[in-house]
Structure formats: structure tokens, C-alpha cells
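Enquirer: output the structure for:
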Amino acid sequence: MAWWWRRLILSSKLSQYKTLLPPISSNPKPLISFFSSTSFLRTKTPKKHKKRRKPKESPRTKLVQSEPNRLSHFELLVQRDSFFRFFTKSKDFLSKQPDHVLRFDDAGKLHRELGFPRGRKVIRSIQRHPLIFETYRHTDGKMWFGFTDFMEDLLEEEKSIMESMETERVTTVRKLLMMSAKKRIPLSKIYHCRALFGIPEDFRDRVSKYPNYFKIVVEDDGKRVLELVNWDPLLAVSALERDFMIDEDRVKKAFKFPVKHGKDLDLDEGDVRKLNLLNTLPLVSPYSDGSGLNIWTLEAEKYRVGVLHEFLSMTLEKRASIHHIVEFKEEFSLTKHTYQMLLKQPRTFYLAGTEMNWVVFLRDAYDENGVLMNKDPQVVFNEKLFEYAEMQDMESDSGIRNKSRG
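Expert: Residues are numbered from 1 along each chain as shown. A predicted model of the protein is given here:
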């Protein structure tokens with residue numbers, strides 16, 4: 001009875017409560033109508049929930065080669081150059097300063113000349129190479145930095161190498177002039193690319209020693225131009241022509257200038273190769289005058305490809321950056337389509353780096369591990385120098401010394 005009584009009382013209270021509620025309309029107004037503002041509602045997706053879009057790659061960051069075609073040993077050489085940028089540029093700049101020293105106050109303003117990031121302190125870059133650079137306080141109370149005694153000895157060693165290779169460097173400059181359109185190149189361009197060919201810093205002063213080869217002409221605007229005096233037919237033989245005498249088949253496969261043909265011909269792979277060979281051969285000598293060729297003709301493209309092959313074969317490491325190649329654009333009759341032209345010849349050229357700052361390699365000059373097969377004495381010295389620049393102390397230098405002696 002007790003449970004029944006409690007149930008009766010509860011049901012009566014519920015019935016009384018229902019009578020207090022307003023009648024339910026058949027078309028009830030939405031709850032939102034009781035509020036004058038909807039600002040409490042979320043109308044935008046929070047940033048943390050938004051799907052992030054990947055930024056489009058720019059030519060400054062986009063790599064030239066896609067993953068399947070990328071050769072790590074060439075890419076690593078480009079990264080090595082970037083890593084040692086401060087070392088190479090500071091070495092070059094300090095070598096031209098009195099006593100090979102520079103004040104810190106001045107160094108902080110020379111980020112381009114010394115190769116350290118703008119806005120950074122130069123001391124951070126100096127400390128990365130303790131065997132090469134040292135800092136000290138001068139009698140004037142200012143901080144200076146310069147080469148260590150160990151580096152000064154290495155510079156003397158490099159100087160002796162350049163002296164011993166002077167004849168070869170003179171031959172290189174003669175061949176560059178013979179390839180140029182008017183047999184003349186501004187001295188400033190050769191100076192800017194001197195490290196590419198191992199040309200000494202004071203080459204402009206040495207020109208007078210070779211009156212049978214060169215002469216300097218001063219133009220109206222004061223520009224000094226180096227001109228060829230005598231043409232030497234023995235030097236007008238390209239590396240490709242010499243290789244053709246040794247390995248004809250390899251040279252035939254070096255370049256590919258395909259012939260467009262319809263599918264109706266139903267050619268097999270061998271027929272296509274023979275047909276393309278008709279376009280490829282004969283090659284055009286880089287020592288011929290290509291300035292008068294129509295730039296859109298096959299002959300002009302074969303000439304430009306040959307010029308760049310010969311240019312790279314004369315460099316110390318058989319490679320050059322876009323900045324070096326653009327430097328000789330007028331002299332070698334190159335066009336703005338050089339990048340695309342090189343990409344079309346992957347058997348001979350490999351482009352590493354990014355689309356804006358690429359480096360082109362002669363593939364045949366390197367073995368399968370990316371090691372340069374024929375090393376100039378200057379290249380051997382540079383490699384040793386890079387090893388010292390990366391070391392933090394002299395404890396592990398015995399192996400390098402033994403290699404240099406051997």
C-alpha cells in the first residue's frame with residue numbers, strides 16, 4: 001500500500017506541473033528567436049583545424065632532379081660548396097688584405113664578400129674553422145682576425161702549385177679566347193672565374209709575360225679586354241674530338257638530337273638510333289665561329305652544346321655553376337634556354353642543385369661513386385684544405401699529411 005500511495009502522490013504533482021507550462025504550439029518558434037545576437041556561434045573554422053596547404057616550391061628551393069634521377073654524389077658536392085662558402089670567400093678576401101688580417105668592425109659589414117649570413121655575427125663563422133682563422137686583440141684595442149700560422153704555410157704551398165702550373169693555365173686562357181666569338185674576353189670575367197680554372201689571382205699582371213699570346217686593349221669606357229694574338233691550330237682540337245679518336249662509339253652516344261617521325265614508320269629501337277645519329281653527327285667544333293648561326297637551327301644547338309662541353313672539360317673539377325656560364329654568355333653565343341638545352345642531354349651533363357642555382361657536371365669525368373678521375377694538383381690541394389677546414393684540432397691530421405706526401 002505504501003508504494004501505491006507514493007505513486008499516486010507523484011502522479012498528481014506531475015499533472016499540476018503540466019498545467020503551469022504554456023500550451024505547445026503546432027508551429028513552435030526556434031529557440032534562437034529568444035536571442036538578439038548569434039555571435040556566440042562558430043562561423044569560421046579555427047586555424048588549428050584548417051588543412052594546411054603546402055607552399056608552392058619556388059625555383060630558389062625546387063631541386064632540378066626528381067627523386068628517381070637524383071645522383072647523391074653530385075648533390076653532395078654542391079652541398080659541400082655551400083657549407084664551405086664562408087671559408088672559401090674569406091680565404092680569397094683575406095689573401096688580398098695587408099698582412100692577411102681584417103678588423104672585426106669592418107668584417108661585420110662585409111657579409112657578401114666574406115660569405116656569412118646577413119645579420120649574423122662573423123665570429124660564429126670564424127669559430128667553425130679554428131685551424132684556418134684566429135682572432136686577437138690589436139694594440140689599438142680593437143678585435144681583428146686573420147690566418148693562423150698553419151694556414152699561412154698552406155697558402156705558400158698553394159702558391160708553389162700555381163707557379164708550377166702556370167703554363168697549363170696560360171693554355172687554358174688561350175683556348176677560352178679561341179672559343180670566344182671575337183677572340184676577346186674582358187679581363188674582369190676571367191678574373192671572376194679564375195678559381196674555376198685554377199688561374200692565379202695576379203694573372204692580369206702576368207699577361208705582359210706572354211706578348212705572343214695576348215694583348216690588353218683598353219676600351220673607351222675604361223674596360224680592359226684580353227685579346228688573342230695568334231691562333232694555334234694545335235689547340236683548336238676539342239676534348240670530344242680527341243675522345244672520338246679513342247672511343248668512337250662512346251662519343252656517338254654522348255649527345256642525342258632526336259628526329260621527329262610518325263608512328264606509321266613502325267621503326268624499332270635500332271632504326272630510331274640510326275635515324276637520330278644522322279642528326280647528331282657530324283658534331284660542330286666549339287672552335288668554329290658560331291656567332292653567325294641562326295640560334296634556332298640544329299647546327300647552332302650542336303655548337304652551343306659542344307662549347308659548354310669544352311668549357312667544362314677545361315675547368316679543374318669538370319663542373320661549373322650557372323653564374324660562371326652566364327658570365328660568358330656573349331662570348332660563347334649562348335641563349336636564355338641554356339638550362340633546358342642541358343637537361344635534354346642527360347647522358348653527358350648532370351644538373352644538380354636548384355632551378356635557380358644549378359651546377360652542371362660532366363658525367364664522364366667522374367666514376368660511379370662521384371669521384372673525379374683525373375685530378376689536377378690544385379684539386380688535390382683544395383680537397384686537403386677542405387679537410388683541414390672541417391677539423392677542430394690537429395690530433396687527427398696525420399692521415400691527411402700522409403696522403404699529401406704520397
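Enquirer: next, residue 315: secondary structure please.
Expert: Under DSSP: H, G, I helix; E, B strand; the rest coil, the three-state class of residue 315 is coil.
Enquirer: what do you get for residue 92?
Expert: Going by three-state DSSP, the secondary structure assigned to residue 92 is helix.
Enquirer: residue 113 versus that one, what's the distance?
Expert: 9 Å (CB to CB, to the nearest Å). Any C-beta I mention is one placed from the backbone N, CA and C, and that applies to glycine too.
Enquirer: all strands of the stretch 201-350 of the chain, in order?
Expert: Read by DSSP state E, counting those that start in this stretch, the stretch 201-350 of the chain holds these strands, from start to end of the chain: 214-218, 224-228, 319-321, 349-353.
Enquirer: can you list contacts of the second one?
Expert: Spelled out, that is strand 224-228. Strand 224-228 has contacts (CB atoms under 8 Å, 6 or more residues apart in numbering) with 173-174, 177-178, 183-188, 190, 204, 207, 213-219.
Enquirer: change it to 10 Å
Expert: Contact partners of strand 224-228, identified using CB atoms under 10 Å, 6 or more residues apart in numbering, comprise 173-178, 180, 182-191, 203-204, 207, 213-219.
Enquirer: which residues does residue 360 contact?
Expert: Residues touching residue 360, when contacts are defined by CB under 10 Å, 6+ apart, comprise 64, 74, 308, 311-312, 318-322, 324-325, 338-339, 342-343, 345, 348-353.
Enquirer: can I get the strands of the stretch 201-350 of the chain in a markdown table with mean neighbour count?
Expert: Written out in a markdown table, the entries for these read as follows (neighbours: other CB atoms under 10 Å):
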| stretch | mean neighbour count |
| --- | --- |
| strand 214-218 | 14 |
| strand 224-228 | 18 |
| strand 319-321 | 21 |
| strand 349-353 | 22 |
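Enquirer: which stretches of this protein have low pLDDT?
Expert: Applying pLDDT under 70 to the predicted model, the residue ranges of the chain that meet it are 1-44, 47-50, 258-279, 395-406.
Enquirer: which residues in the stretch 151-300 of the chain form helices?
Expert: If you assign secondary structure with DSSP state H, counting those that start in this stretch, the helices in the stretch 151-300 of the chain sit at 166-179, 187-192, 194-197, 203-206, 239-246, 248-252, 269-280, 298-313.
Enquirer: nearest to residue 70, of those?
Expert: Residue 70 lies closest to helix 298-313 among the helices of the stretch 151-300 of the chain, at 20.0 Å (CB to CB).
Enquirer: any idea how far the closest one is from the chain center?
Expert: Between the centre of helix 298-313 and the centre of its chain there are 20 Å (CA atoms, centre = their mean, to the nearest Å).
Enquirer: got it, and stretch 331-349?
Expert: Shown here is stretch 331-349, whose average C-alpha point lies 15 Å from the average C-alpha point of the whole chain (CA atoms, centre = their mean).
Enquirer: stretch 210-221 now?
Expert: In terms of CA atoms, centre = their mean, the centre of stretch 210-221 is set 32 Å apart from its chain centre.
Enquirer: residue contacts, residue 199?
Expert: If you count contacts by CB under 10 Å, 6+ apart, then residue 199 has 162, 165-166, 169-170, 172-173, 176, 190-191, 193, 206, 316, 378 around it.
Enquirer: I should have written residue 94 there, sorry.
Expert: If a contact means CB under 10 Å, 6+ apart, then residue 94 has 100, 101, 102, 107, 114, 132, 133, 145, 146, 147, 151, 155 as its contacts.
Enquirer: just the buried residues of those.
Expert: Burial by neighbour count, 16 or more other CB atoms under 10 Å: within these this picks out 100, 102, 107, 114, 132, 133, 145, 146, 147, 151.
Enquirer: the residue lying closest to residue 290 once chain neighbours are set aside: neighbour count?
Expert: Beyond its immediate neighbours in the sequence, the residue positioned closest to residue 290 (CB to CB, 6 or more residues apart in numbering) is residue 303, lying 4.0 Å away. Each residue near residue 303 was counted by other CB atoms under 10 Å, and the total is 23.
Enquirer: cool, residue 195 as well?
Expert: Burial of residue 195 is recorded as 16 neighbouring residues (other CB under 10 Å).
Enquirer: surely it and residue 92 touch.
Expert: Yes. In this structure, residue 195 is within contact of residue 92 by CB atoms under 10 Å, at 7.5 Å.
Enquirer: what do those two both touch?
Expert: Applying CB under 10 Å, 6+ apart, one finds that residue 195 and residue 92 are jointly contacted by residue 201.
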